[in-house]
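Peer 1: Structure, please.
(one chain, ligands or ions: 2)
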Amino acid sequence: MKDIKNFINGQYVTNVSGKTYEKRNPVDNSLIGLVHEAGQPEVDAAVAAARAALHGPWGKLSVVERCAMLDGLVAEINHRFDDFLQAEVADTGKPAHLASHIDIPRGAANFKIFTDTIKNVSTESFEMRTPDGKTARSYGVRTPRGVIAIICPWNLPLLLMTWKCGPAMACGNTVVVKPSEATPSTATLLGEVMNKVGVPPGVYNVVNGFGVNSAGSFLTAHPGVNGITFTGETKTGTAIMKAAADGIRPVSLELGGKNAAVVFADCDFDNAIATVTRSVFENCGQVCLGTERVYVERPIFDKFVAALKVKAEGMKPGRPFDHDTKIGPLVSKIHQKKVLSYYARAKEEGATIVFGGGVPDMPDDLKDGCWVEPTIWTGLPETASVVREEIFGPCCHIQPFDTEEEAVRMANDTKYGLATSIYTQDISRASRVATQIEVGLCWINSWFLRDLRTPFGGSKQSGIGREGGLHSLEFYTELRNVMVKY
Ligand SMILES: NC(=O)c1ccc[n+]([C@@H]2O[C@H](COP(=O)([O-])OP(=O)(O)OC[C@H]3O[C@@H](n4cnc5c(N)ncnc54)[C@H](O)[C@@H]3O)[C@@H](O)[C@H]2O)c1
Ligand SMILES: O=C/C=C/C=C(\O)C(=O)O
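Peer 2: Ligands and ions are numbered 1, 2, ... in the order given. As a prediction, the model looks like this:
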């Protein structure tokens, strides 16, 4: 059984309170280990260590020296690929082939993209004539923002944590990470790698625990934190934004979504089916960019529904390392209960259940896992709960449409604005629709393809700010203007 501790000032520590909580395997509900919950003392110690590290050897490194150290981190994460894979799969239950193609490679890539970016960043300079006839020149100076609080969700634990840690550290900040209570292992494991490559103590810290009245809220309320970057539910984003207001700390928020796929009759049908299958069911539907609303032009509606049903029927649930496993469990019993409540709601509201809607019949040794069936609904109005509210499970509602205007109107009819995918071979129409959809991320004939230099983030109630490439500098650095007269 694992003993999952906090990582503060380069040391693995438990806590003053002695409080622990169980981490269970979502596949079969077996006990993975005990997590030592960080309380106020541990959060205080982590923030103090991060503050001290800013003024120690870390703060004295040049950009090139800092990036060289982080490139060593990239190599060591790749060297310990299997350790991270085992830890992530144990925490989440996700299929190993998914984690080995998405989650773990991004753990390294999310540092590499920012060491490459930061080494080549310039700032602007202007010259002006002064009133007394002399000259003045301005130039920009970027400095680290300071101690960054990083609060992460459970669906892509290593990917989403390093997506914040990478730019934060490449820009010279120090960090205190609060992983999700459901998935503490990879963030905690990364501490070993930080020590191995010589990242000074206090630069990277991990406090495990929950949100309210636990490590999460202690961290966001801490006056020693200079910025908060958060990924999680929109309602949590609201709470964190309120906490950040005291002391006027900036936030970067990646929040919830209720993403649409818009499928036109002229699409490459096989590509559309294959890609929507991924965007609905991949990671057991636990991807913020995932599709829960599918709009299909009427001439191909029946054909599309039938084809997606065949894909859902082929989604064999199973253990992460079984080669024929196509879908894993949800991350926890709590989340399984939430998703099943929406399955029940859809039935009550009169949905046609094309496939799924319940719990799969699992072998005895897996029956206690957090399993749900991949599910497809049709026949509901746009006002139905499963069409309006984020479920974050392997399910979608498919709605026909007759005109482009109707499709755009329905896709935009949500408080969220995270991601959309559009399927058509008419590039003019694709561009026309993409510029009307109110989201931060729009894929055409594709989904979840990522160029890490591009701006990533949500509109409306799906987030604040953009992270990726140069865009991350806005949050992770302070830009100072210096003017000299001569
Ligand atoms: N936009 C994105 O890039 C993105 C990516 C992944 C997940 N998400 C969203 O995250 C949600 C699923 O993840 P989740 O269930 O872990 O989200 P969540 O909001 O319940 O928790 C996220 C993190 O916040 C912490 N937390 C909760 N309340 C807090 C508080 N008051 N103060 C400080 N910390 C607090 C939790 O402990 C956890 O570490 C979904 O809504 C999904 O859409 C968004
Ligand atoms: O579940 C949400 C996925 C988010 C993905 C990213 O933040 C990324 O690919 O950088």
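
Peer 1: Phe304 contacts Ile273, correct?
Peer 2: Yes: distance between Phe304 and Ile273: 7.0 Å, which falls inside the contact criterion (Cβ atoms under 8 Å). C-beta here means a position set from N, CA and C on the backbone, and glycine is covered the same way.

Peer 1: Name the residue of the stretch 101-250 of the chain with the shortest distance to ligand 2.
Peer 2: Scanning the stretch 101-250 of the chain for proximity to ligand 2 using Cβ to the nearest ligand atom identifies Trp163 as nearest, at 4.6 Å.

Peer 1: so how far is Asn445 from the nearest residue to that residue once chain neighbours are set aside?
Peer 2: Counting by Cβ to Cβ, 6 or more residues apart in numbering, Trp163 lies nearest to Asn110, which is 4.9 Å off, once chain neighbours are set aside. Using Cβ to Cβ, to the nearest Å, one gets 26 Å for the distance from Asn110 to Asn445.

Peer 1: neighbour count winner among the two?
Peer 2: Per other Cβ atoms under 10 Å, whichever of Asn110 and Asn445 has more neighbours is Asn110, with 23 against 16.

Peer 1: so that one, which of the three states?
Peer 2: Remark: Asn110 carries the secondary structure label helix [criterion: DSSP: H, G, I helix; E, B strand; the rest coil].

Peer 1: separation between it and ligand 1?
Peer 2: Relative to ligand 1, Asn110 is positioned 13 Å away (Cβ to the nearest ligand atom, to the nearest Å).

Peer 1: now swap in Asn6 and tell me
Peer 2: Relative to ligand 1, Asn6 is positioned 14 Å away (Cβ to the nearest ligand atom).

Peer 1: Specify the beta-bridge partners of that residue.
Peer 2: Applying DSSP bridges to Asn6 gives these bridge partners: Val13.

Peer 1: chain center to stretch 130-140, what's the gap?
Peer 2: For stretch 130-140, the distance from its own C-alpha centre to the chain's C-alpha centre is 45 Å (Cα atoms, centre = their mean, to the nearest Å).

Peer 1: ok, now stretch 26-40?
Peer 2: That offset, for stretch 26-40, works out to 21 Å (Cα atoms, centre = their mean).

Peer 1: Quick one: mean pLDDT over that stretch.
Peer 2: Per-residue pLDDT over stretch 26-40 has a mean of 98.

Peer 1: What is the end-to-end distance of it?
Peer 2: Looking at stretch 26-40, the gap from its leading to its trailing residue is 29 Å under the measure Cα to Cα, to the nearest Å.

Peer 1: got the buried residues for it?
Peer 2: In terms of neighbour count (16 or more other Cβ atoms under 10 Å), stretch 26-40 has its buried residues at 26-28, 32-40.

Peer 1: now Tyr139, what's its secondary structure?
Peer 2: At Tyr139, secondary structure determined by three-state DSSP is strand.

Peer 1: thought it was touching Thr123?
Peer 2: Yes: look at Tyr139 against Thr123 with Cβ under 8 Å: they come within range, at 6.3 Å.

Peer 1: For Arg24, give its distance to Lys485.
Peer 2: Separation of Arg24 from Lys485 (Cβ to Cβ): 65 Å.

Peer 1: Same drill for the two, tell me which one is more crowded.
Peer 2: Arg24 (20 against 10).

Peer 1: Excluding chain neighbours, what is closest to the more buried one?
Peer 2: Leu31 (5.8 Å).

Peer 1: which phi and psi does the closest residue in space to His471 that isn't next to it in sequence have?
Peer 2: Spatial nearest neighbour of His471, excluding adjacent residues (Cβ to Cβ, 6+ apart): Pro455 at 4.6 Å. Backbone torsions of Pro455, given as degrees, to the nearest 10, read phi -70, psi 130.

Peer 1: what does the model give Pro455 for pLDDT?
Peer 2: 98.

Peer 1: Could you number the chain from 38 rather than 1 from now on?
Peer 2: In the new count, where the first residue is 38, that last one comes out as Pro492.

Peer 1: Isn't it up against Arg503?
Peer 2: Yes: shown here, Pro492 and Arg503 form a contact pair, counting by Cβ under 8 Å, at 3.7 Å.

Peer 1: what is in contact with those two at once?
Peer 2: Applying Cβ atoms under 8 Å, 6 or more residues apart in numbering, one finds that Pro492 and Arg503 are jointly contacted by Gly477.

Peer 1: which one of those two has more residues nearby?
Peer 2: For Pro492 versus Arg503, the count of surrounding residues by other Cβ under 10 Å is larger for Arg503: 20 against 14.

Peer 1: who's in contact with the more buried one?
Peer 2: 477, 492-494, 511.

Peer 1: Apply 6 Å and report the result again.
Peer 2: Contacts for Arg503 were tallied using Cβ atoms under 6 Å, 6 or more residues apart in numbering; they are 492, 494.

Peer 1: can you check the one 10 residues further on too?
Peer 2: The contact partners of Tyr513, by Cβ under 6 Å, 6+ apart, come to 182, 204-205, 208, 210.

Peer 1: Can you pick out the most distant pair from those residues?
Peer 2: Longest distance between any two of the contacts of Tyr513 is 10.7 Å, between Arg182 and Pro204; criterion Cβ to Cβ.

Peer 1: Neighbour count: the two, which is higher?
Peer 2: Neighbours around Arg182 and Pro204, counted as other Cβ under 10 Å, are more numerous at Pro204. The numbers are 30 against 18.

Peer 1: and that one, how far is that from Ser369?
Peer 2: On the measure of Cβ to Cβ, Pro204 and Ser369 end up 29 Å apart.

Peer 1: near ligand 1, which residues of this structure show up?
Peer 2: For the chain, the contact set with ligand 1 under Cβ under 6 Å from any ligand atom comprises 188-192, 197, 215, 217-218, 247-249, 253-254, 257, 268-270, 273, 276-277, 291-294, 325, 427, 429, 455, 495, 499-500.

Peer 1: could you pull out the strands for the stretch 188-337 of the chain?
Peer 2: Assigned strands in the stretch 188-337 of the chain, in chain order: 211-215, 241-243, 264-268, 288-291, 296-300, 328-334 (criterion: DSSP state E, counting those that start in this stretch).

Peer 1: Parallel or antiparallel, which strands does the longest one pair with?
Peer 2: If I follow you right, that is strand 328-334. With DSSP bridges as the test, strand 328-334 is paired with strand 296-300 (parallel), strand 432-438 (parallel).

Peer 1: closest one to Pro354 among those?
Peer 2: Closest to Pro354 of these, according to Cβ to Cβ: strand 432-438, at 14.2 Å.

Peer 1: Tell me the gap between the closest one and the middle of its chain.
Peer 2: Here the centre of mass of C-alpha atoms in strand 432-438, compared against the chain's by Cα atoms, centre = their mean, lies 25 Å away.

Peer 1: Could you identify which of the strands of the stretch 188-337 of the chain is most buried?
Peer 2: Comparing the strands of the stretch 188-337 of the chain by mean neighbour count (mean count of other Cβ atoms under 10 Å), strand 241-243 comes out on top with a mean of 30.

Peer 1: From the contact counts, what lies against it?
Peer 2: strand 43-45, helix 77-91, strand 211-215, helix 222-234 (3 or more Cβ pairs under 6 Å, 6 or more residues apart in numbering; DSSP states H and E).
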